[in-house]
Structures are given as structure tokens and as C-alpha cells.
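1. attaching a predicted model along with its sequence, questions to come.
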Amino acid sequence: MKKILAIGLALFVSMSAMAAEKKAAKPEMDQATMQKMVQSSIQKFKINDDVSVEDAIDSMMLRANNLNFKLVADLPLSEQVKAMGEEANYMRILAFCDALIAKKMVEHDIIFAGFLPCRIAVLKDSKGQGWIVTMNMDMMVKGVSLPKDLQPLAIKVRDTIYSIVDAGVNGDL
């Protein structure tokens, strides 16, 4: 019995040491690197001074419709905050998608589900300046290895989202 306990204890100590070595072998990312990664993954665009956030949204919805990208979610977050009794700067998140492209991308690699649907935030900062914020779509295009048949689809999504954003920034109706 003592021999079995000794073997069990030795096995436990050995496995703990291996786990510690494995953990030590994978260094944690420092905060500065993580902050750079987050900053690189998001893009923000100033809405032209002569374009209201409402006009920017109308322009984006029209552009998305013309490019056959469906509005699949509309989240008026500042309205929700106000309904909860607090003041809030304007903040609304729109989500657009081409469901058939999304299906193909997720079938290739489920990591693409994290990009779905393509979100575009429209907000006003504390000075009243309108902004449009979205993911850096090049991260989706270049950050994952894609087969040749999916590359043009990823580029189409990127270009479409940037066209929608451009319509909002400029108030193109």
C-alpha cells in the first residue's frame, strides 16, 4: 500500500512539474502588446462635420442595401442607457451581414463566427463629434489563412463594410 501511495505521489509531483514547465514555456503577453493589438484591430472614422449621426446611419443603411448586405441587428445602446435612468452620449451599433458568405467562412474556420455579423458603431464623443467605429477588416482578410475560393469573398466583405462606413462618414445618400 505504501508503495502505491509513493508511486501516486511521485506521479502527481512529476505531472505538476510538467504542467508548471509547460505554463512557464508559454509567456504571457505584456499589457503594452495587448493594447497595441486592440488598437490595431479597431478602426475609427470621424463623421464629416456637416453630416449628422442620423444622416450617417441613413447613408450606411442605403449603401448596405444597394450592396446587398442585410442589416441584421440595430442596437440603440444610448437609448437603453437612458431608459435605465442615466444620461448617455449617442451610441448605436448596426450589424450587417451576407449570410451566404458568413456560412462559407464559418464552415472553413469557426474563428470567423467571432467576426459575425460585421458591426459598425455610430457614436458621439463628449464634444458632440460623430464617429464610426468598426473592426479592422484586414485582420479578417489577412489574419487567417484562406483557401483561394474564400479569398475573394473575404475581400468582398471587407470592401463592402468599408464602402458602408465611407457612405456614413460622408453622408452619401
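-> Okay, I see it. Residues are numbered from 1 along each chain as shown.
2. let me know the secondary structure of residue 33.
-> Secondary structure assignment for residue 33 (DSSP: H, G, I helix; E, B strand; the rest coil): helix.
3. burial measure for it, as a count.
-> 10 (other C-beta atoms under 10 Å). To be clear about C-beta, it is placed using only N, CA and C from the backbone, and glycine gets the same treatment.
4. helices along this protein, start to end?
-> Along the chain, counting by DSSP state H, helices occupy 2-25, 31-41, 53-66, 77-83, 99-108, 137-142, 151-170.
5. if I pick the residue nearest to residue 113 when sequence neighbours are not counted, what's in contact with it?
-> Among residues not flanking residue 113 along the chain, residue 106 sits closest, at 5.2 Å (C-beta to C-beta, 6 or more residues apart in numbering). Shown in contact with residue 106 (C-beta atoms under 8 Å, 6 or more residues apart in numbering): 112-113, 116.
6. tabulate the residues you listed (CSV), appending pLDDT and distance to residue 141.
-> Shown next, in CSV, are these (pLDDT from 0 to 100; distance: C-beta to C-beta, whole Å):
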residue, pLDDT, distance to residue 141
112, 85, 11
113, 88, 16
116, 84, 15
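7. just give me the closest of those to residue 136.
-> Here the nearest of the contacts of residue 106 to residue 136, counting by C-beta to C-beta, is residue 112; it sits at 14.9 Å.
8. before we move on, back to that, PyMOL command for the buried members of the contacts of residue 106?
-> The buried residues among those can be selected in PyMOL (16 or more other C-beta atoms under 10 Å) with this line:
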select buried, resi 112+116
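9. ok, the contacts of residue 106 vs residue 129, which is closest?
-> Of all the contacts of residue 106, residue 129 sits closest to residue 116, with 29.0 Å by C-beta to C-beta.
10. isn't the closest one up against residue 102?
-> Yes - using C-beta atoms under 8 Å, residue 116 is in contact with residue 102, at 5.4 Å.
11. of the helices of the chain, which is nearest residue 93?
-> Between residue 93 and these, the shortest gap by C-beta to C-beta is with helix 77-83, which sits at 6.3 Å.
12. list the buried residues of the closest one.
-> Buried residues in helix 77-83, counted by 16+ other C-beta under 10 Å: residue 78.
13. which strands or helices does that helix pack on?
-> strand 91-97 (3 or more C-beta pairs under 8 Å, 6 or more residues apart in numbering; DSSP states H and E).
14. contacts for the strand it packs on, please.
-> Strand 91-97 is touched from outside by 53, 57, 60-61, 64, 69-78, 81, 116-124, 160-161, 164, with contacts defined as C-beta under 8 Å, 6+ apart.
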